[in-house]
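> fold the following, please.
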Amino acid sequence: MKEDGCPRRMTPLTLGCRYSVRVSPQMANRIVDSARSILNKFIPDIYIYTDHMKGINSGKSPGFGLSLVAETTNGTFLSAELTSNPQGQGAAVLPEDLGRNCAKLLLEEIYRGGCVDSTNQSLALLFMTLGQQDVSKVLLGPLSPYTIEFLRHLKSFFQIMFKIETKPCGEERKGGDKVLMTCVGIGFSNLSKTLK
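Just a heads-up that it's a prediction; the model follows:
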């Protein structure tokens, strides 16, 4: 991240893995083509691998999904993932819709920026809380509702509070405002760990 808190450019590489279980292997091409139709407008180097399972090793539940990962020039990985609804639960999802929606979710994560994507914000904050009794900092995109609730849990369980500073993005950089989270860890250690 730059000092102004704005993400750097994305590298010309987006990776993905499309998976399907107990459905037609043709679903793979439909998902990949629809995801590429969105992402190719921004970057040409997109690699989406396919994985299809059938037979006894594939389990009993049919379905498919897509996982996409983008890497920034400074090594930050941002990801998005979508899966089809389980059979009998909710409306059926077309492979084309799933591919397009997953690509849009990845673009949303890139826009939000930060050092951690929105699905893993709470995990980074937990590691900071449990870390050494020293100051830890992380730059995040706008906080997700789950992360806000998780901060409340951290306060009630560990009596720890974070210093929250907003970092607006400059005009030369695009993206959402960033949040700098700072705390002092509790110094948690594994009591069952043997000393040598």
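> drop to CA atoms for contacts and neighbour counts, all remaining ones
Noted.
> how many residues are close by Asn101?
19 (other Cα atoms under 10 Å).
> host element of it?
helix 95-112 (DSSP states H and E).
> what do you get for Arg18?
Per DSSP H and E: strand 10-21 holds Arg18.
> now the element after that strand, going C-ward?
Heading C-terminal from strand 10-21, the first helix or strand you meet, by DSSP H and E, is helix 26-39.
> now that next one, how far from the chain's geometric center?
Chain-centre distance of helix 26-39: 20 Å, with Cα atoms, centre = their mean, to the nearest Å.
> in it, what's buried?
Met27, Ala28, Arg30, Ile31, Val32, Asp33, Ser34, Ala35, Arg36, Ile38, Leu39 (16 or more other Cα atoms under 10 Å).
> please, where are all the helices along this structure?
26-39, 95-112, 121-130, 145-158 (DSSP state H).
> so where's this protein uncertain?
1-14, 170-174, 195-196 (pLDDT under 70).
> could you list the domains of it?
Domain ranges of the chain: 13-112, 120-184, per the TED database.
> mind putting these in CSV, distance to Asn190 included?
Output for these, formatted as CSV (distance: least, Cα to Cα, whole Å):
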stretch, distance to Asn190
domain 13-112, 29
domain 120-184, 11
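> pull the residues that contact stretch 82-91.
Ser61, Pro62, Gly63, Phe64, Gly65, Leu66, Ser67, Ala92, Val93, Leu98, Asn101, Cys102 (Cα atoms under 8 Å, 6 or more residues apart in numbering).
> got the end-to-end distance for that stretch?
End-to-end distance for stretch 82-91, by Cα to Cα, to the nearest Å: 14 Å.
> in it, what counts as buried?
By 16+ other Cα under 10 Å, the buried positions in stretch 82-91 come out as Leu82, Thr83, Ser84.
> in a markdown table: the contacts of stretch 82-91, plus distance to Lys193.
Below are the contacts of stretch 82-91 laid out as a markdown table (distance: Cα to Cα, whole Å):
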| residue | distance to Lys193 |
| --- | --- |
| Ser61 | 40 |
| Pro62 | 42 |
| Gly63 | 42 |
| Phe64 | 41 |
| Gly65 | 39 |
| Leu66 | 39 |
| Ser67 | 36 |
| Ala92 | 48 |
| Val93 | 47 |
| Leu98 | 45 |
| Asn101 | 45 |
| Cys102 | 42 |
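> could I have the buried ones of the residues you listed as PyMOL selection syntax?
Applying 16+ other Cα under 10 Å to the contacts of stretch 82-91 leaves a buried subset, and the PyMOL line that selects it is:
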select buried, resi 62+63+64+65+66+67+98+101+102
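> determine which two of the contacts of stretch 82-91 are furthest apart.
Using Cα to Cα, the pair of these lying farthest apart is Ser61 and Asn101, separated by 22.2 Å.
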